[in-house]
Every structure is written in C-alpha cells, then in structure tokens.
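Colleague: Everything below, folded, please.
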Amino acid sequence: MLAKLPFKKAELFFFLAFIFLIFSCSPDENLDPNAPLPALELSNVSYGSDMRQTMDVFLPGGRSMKNTPLLIYIHGGAWIDGSKNEFAQVKPLLDQAFPEYAYVAINYRLFDFLSRQNPFPTQENDVKSAIEYIISQQDEWNVGNQIVIAGASAGGHLALLHGYKNPEIGNIQAVIAFFPPTDLAELFNFNSLTALGLTEILQGTPENKTQAYLESSPVNYINSNSVPTIFFHGTADTVVPISQSDLLKSKLQENSVPHEFRRIEGQGHGFTPSTNVELIQAASAFIRAN
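Modeller: Model (predicted):
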C-alpha cells in the first residue's frame, strides 16, 4: 500500500502551481524598463510579396527615436546581380564612422535576361516600397526619421535616383554614392556591352525609349532643393566611366546643391581597403557638416 500523502489533492494542486510560478518567472521581468535597449539584428525582413523584397536590419544598443538616425544601403550588380550581403563588406567601416546609426541593407528585384522580367522601373519602385516599409517600422524599431541613403555602382544609382526623384518618401538627409551611373542615355554610348544591357533593362534605346531613360537618370531630377551628396569615382573605372560622376558634379554645381566629389586616381570599379576607410570617414564628416 502506498504511504499516505502529506497533502490533500487541493493543497497539492496549489503547492505545485506556486512552484511552477516561481520557476517560470523570466529574469527579464525584473529588468529596469528604463535600461538602454540592447542591439538587435533582424534578417530577411519582408517588405513585399516577392522573395527578393527583403532587408536586413541592424539596430544599435542604446538606440532611441531622438538620437538614432538610419542609413539605408543599396547593393550593386548592374541591376541584374548582387544582394544585400554586400553590406557585410562595409558595415565594419560604417560602425566606426557612423556609430550612432541604425542600418538597413535591402534587396530588390533584379532584371532577368532570359525571362525579361523586372525591367526598369522595378528596381526604383522596390526602393520606394522598402523605404515606405522602413518608415512604418520606425516606432517599433525605436529609430529616428532622419535617413541617409548609400550605395555602390547600380546601388549608388538607385540611391541618387530616390534621393532626387522621390524625396517625399522618407526624410532623406543625404546620399552617399560610389562610382554611380547618373545619366543612362549618356552611359548607353560607353561601349557595346553597356548598350546591350541598357537596351534590355529599359526595353529600348535612348532613341525609342527616350522617356524611360530620362526618368531613370538621377541627374534629370536635381534642383536647388536636392539633398546634399557625396560621391566617389575611380579615374580608371572601365565599368562605369568617371564621366558619369563629372556630369553629376556639373549638375549639382549648377543648382548650388551642397556636394563633395572625390576622384580616386588610378583606381577602378572598386577601391582598396585603405581607400574605403578614408572615403567612409569623409562621408561621415560631410554629412555631419551638412
């Protein structure tokens, strides 16, 4: 025969319930609600229904809506390749130059030569949608509404295009661009490979798709109210000629837009690590001054 239990059924139930409550309490419940927020990374956050419409979010510790601006990074790849993983190459440098910032690295739909899906302005529209989503999450993420857009090559083009053409979407403070295409009608004439690619992506040539080239070229949207811009280009670039940045500089000067252009002597479509360190520090100084 079993030994007699020291508890009646009702007493045993309440005793076990009490023990459960004690051990199920999370240590977090005792944390100071006013303590600084911890750093947080969110991967593959969707901003649309397509598998390419995703972003990675990097939120710094101690962030607040008052003191944490946001930097959005757009990858390169000639609008046909690349991914937000490119951001991993520049994040350590940005962490040093922009320590108080939160970051978002976005993917966008790429043009497919085989199916001919996702021609321009798909990429421009995805940048708009991504920024609209980011704006909707600013309270949830506890970040401010001041936005800097940055990108390299095709990403630099999309950053400039949004900053100049769609400034009403997001509180855009500045643009940082590395070796960006800026006038696609002029770029069309660079070489036969460039002409072939642009003909496919814009579904025609500057002659028969004049409006498409105009509407996809950042220089055509610069005015006296355009956002401050800092950009860099190598003199030996054989992918996007430095003349594209010369055109950008001329248009910014013409409209008295605060800007800084650095010509990187002897370097091509991509810079040395030491040069990148220097240029990102220069971008930080420029943005803080403007």
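
Colleague: nearest spatial neighbour of Gln253, skipping sequence neighbours?
Modeller: Counting by C-beta to C-beta, 6 or more residues apart in numbering, Gln253 lies nearest to His259, which is 7.6 Å off, once chain neighbours are set aside. Where C-beta positions appear, they are placed from N, C-alpha and C, glycine not excepted.

Colleague: Now do the contacts for that neighbour.
Modeller: 228-231, 249, 252-253 (C-beta atoms under 8 Å, 6 or more residues apart in numbering).

Colleague: what about 10 Å?
Modeller: 174-175, 222, 226-231, 248-249, 251-253, 286, 290 (C-beta atoms under 10 Å, 6 or more residues apart in numbering).

Colleague: For it, which residues count as its bridge partners?
Modeller: Thr229 (DSSP bridges).

Colleague: which among the contacts of His259 end up buried?
Modeller: 174-175, 222, 226-231, 248-249, 251-252, 286 (16 or more other C-beta atoms under 10 Å).

Colleague: Tell me the one of these nearest Leu198?
Modeller: Leu248 (17.7 Å; C-beta to C-beta).

Colleague: wait, doesn't the closest one sit right on Gly163?
Modeller: No. With contact defined as C-beta atoms under 10 Å, Leu248 does not reach Gly163; the gap is 11.6 Å.

Colleague: so what sits against both of those two?
Modeller: In contact with both Leu248 and Gly163: 177, 218, 222, 229, using C-beta under 10 Å, 6+ apart.

Colleague: Which one of those residues is nearest to Lys84?
Modeller: Ala177 (17.2 Å).

Colleague: what about the helices in this structure?
Modeller: For the chain, helices defined by DSSP state H occupy the ranges 9-24, 87-97, 122-136, 138-141, 154-165, 184-187, 192-201, 210-215, 243-254, 273-289.

Colleague: closest one to Tyr108 among those?
Modeller: That would be helix 122-136 among the helices of the chain, by C-beta to C-beta, at 3.7 Å.

Colleague: The closest one - what's its average pLDDT?
Modeller: For helix 122-136, mean pLDDT rounds to 98.

Colleague: will you turn the helices of the chain into a markdown table that also has distance to Arg63?
Modeller: As requested, the helices of the chain are exported to a markdown table (distance: least, C-beta to C-beta, whole Å):
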| stretch | distance to Arg63 |
| --- | --- |
| helix 9-24 | 30 |
| helix 87-97 | 14 |
| helix 122-136 | 14 |
| helix 138-141 | 8 |
| helix 154-165 | 23 |
| helix 184-187 | 38 |
| helix 192-201 | 38 |
| helix 210-215 | 36 |
| helix 243-254 | 32 |
| helix 273-289 | 18 |
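
Colleague: Quick check: which of these is nearest to Thr54?
Modeller: It's helix 122-136; of the helices of the chain, that one is closest to Thr54 (C-beta to C-beta) at 9.1 Å.

Colleague: Which strands and helices lie in contact with that closest one?
Modeller: strand 40-46, strand 54-59, strand 70-74, strand 102-106, strand 146-152, helix 154-165, strand 171-178 (3 or more C-beta pairs under 10 Å, 6 or more residues apart in numbering; DSSP states H and E).

Colleague: Dump the ones you listed into CSV; add distance to Gly270 and mean pLDDT as well.
Modeller: Below are the helices and strands packed on helix 122-136 laid out as CSV (distance: least, C-beta to C-beta, whole Å; pLDDT from 0 to 100):
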stretch, distance to Gly270, mean pLDDT
strand 40-46, 26, 98
strand 54-59, 22, 98
strand 70-74, 16, 98
strand 102-106, 18, 98
strand 146-152, 8, 98
helix 154-165, 12, 98
strand 171-178, 8, 97
